[in-house]
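Dropping a prediction and its sequence here:
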Amino acid sequence: MPSQTFFNLPQEKQDRIMRAAREEFFTHSMDDASINRLIKAAGIPRGSFYQYFDDKEDVYCYLGEQISRGLFAEAYQQLAESDYDPFKLARQVLPRWLKEVFYGENRAFFYRQIDLLYQQQMPRVQHVQQPLSGLSQEELEKMAAKVNLQDQEDLKFLLHSFLLVLVSCISSGAADYRAGKEVDLDKLNRQLNRRLDYLENGFRQTKRK
């Protein structure tokens, strides 16, 4: 995470530094990313960079956190529209997340993460957005009631299961990408919906498609 010194900067300067980070990490691998290029694009001295971040992995992880925070914020905004039904919410949000990973404005970042995963060189993870962290107590209660869950731990288990389903679909798309094939979103969405059906209806009861 950035230091408090970074968060004390004017918002315009924070944004300028993170725009430079996006440009660097979207166009270069982690190994090839250069602090010198980043600070030149951001217009800050090298010493200032190390007042804000420990190293390039630190700024990389914060960039990833910003991107994931934006995805979760979108999901929170869809709660009322989905009538607080977790499964309806998942079917609205997860296909858009799949599209964002493979074809969205941040796709270069995600593709480089996929490459790092295959090379087993992922940077350390400092903070992971938790599915329940942006929800009020009232929202949590409404979601749990929609699917007759007993407590928030059960709801947390369900939402993490949604994320595991998403990750499994991303892995399928990543395999096609690594094989030089075009990532087929229609195929991934069918896979996504089938696995959400398993969660909602059970493996024995779900009719195979």
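The structure has been received and is ready for your questions.

longest helix in this structure, by residue count?
Across the chain, the longest stretch assigned as helix under DSSP state H is helix 152-178.

Give the next helix or strand downstream of it.
Downstream of helix 152-178, the next assigned helix or strand under DSSP states H and E is helix 185-201.

contacting residues around that following helix?
87, 90-91, 94-95, 98-99, 102-103, 158, 161-162, 165-166, 168-169, 172-173, 206, 208-209 (CB atoms under 8 Å, 6 or more residues apart in numbering). In short, each C-beta sits where N, CA and C put it, glycine included.

Extract the CA atoms of whichever strand or helix holds Phe110 and return them as CSV.
Assigned by DSSP H and E, Phe110 belongs to helix 107-118. Taking C-alpha atoms only, helix 107-118 is exported to CSV below (Å, rounded to 0.1, in the frame of the first residue of the first chain):
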residue,chain,number,x,y,z
ARG,A,107,-7.5,-5.7,-20.4
ALA,A,108,-3.7,-5.0,-20.8
PHE,A,109,-3.3,-5.2,-17.0
PHE,A,110,-5.3,-8.4,-16.7
TYR,A,111,-3.4,-10.1,-19.6
ARG,A,112,-0.1,-9.2,-18.0
GLN,A,113,-1.4,-10.7,-14.7
ILE,A,114,-2.3,-13.9,-16.6
ASP,A,115,1.2,-14.1,-18.0
LEU,A,116,2.7,-13.6,-14.5
LEU,A,117,0.4,-16.4,-13.2
TYR,A,118,1.6,-18.8,-15.8
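
Show me what that helix is packed up against.
Counting contacts by 3 or more CB pairs under 8 Å, 6 or more residues apart in numbering; DSSP states H and E, helix 107-118 packs against helix 11-27, helix 56-77, helix 86-103, helix 152-178.

how about that helix: buried residues?
109-116 (16 or more other CB atoms under 10 Å).

Tell me the one among those residues nearest to Ala21.
Using CB to CB, Phe109 comes nearest to Ala21 of the buried residues of helix 107-118, at 10.1 Å.

Contacts for the lowest-mean-pLDDT helix or strand in the chain, please.
Across the helices and strands of the chain, mean confidence by mean pLDDT, DSSP states H and E is lowest for helix 107-118: a mean of 82. The contact list for helix 107-118 (CB under 8 Å, 6+ apart) reads 22, 25-27, 29-30, 63-64, 67, 100-102, 122-123, 174, 177-178.
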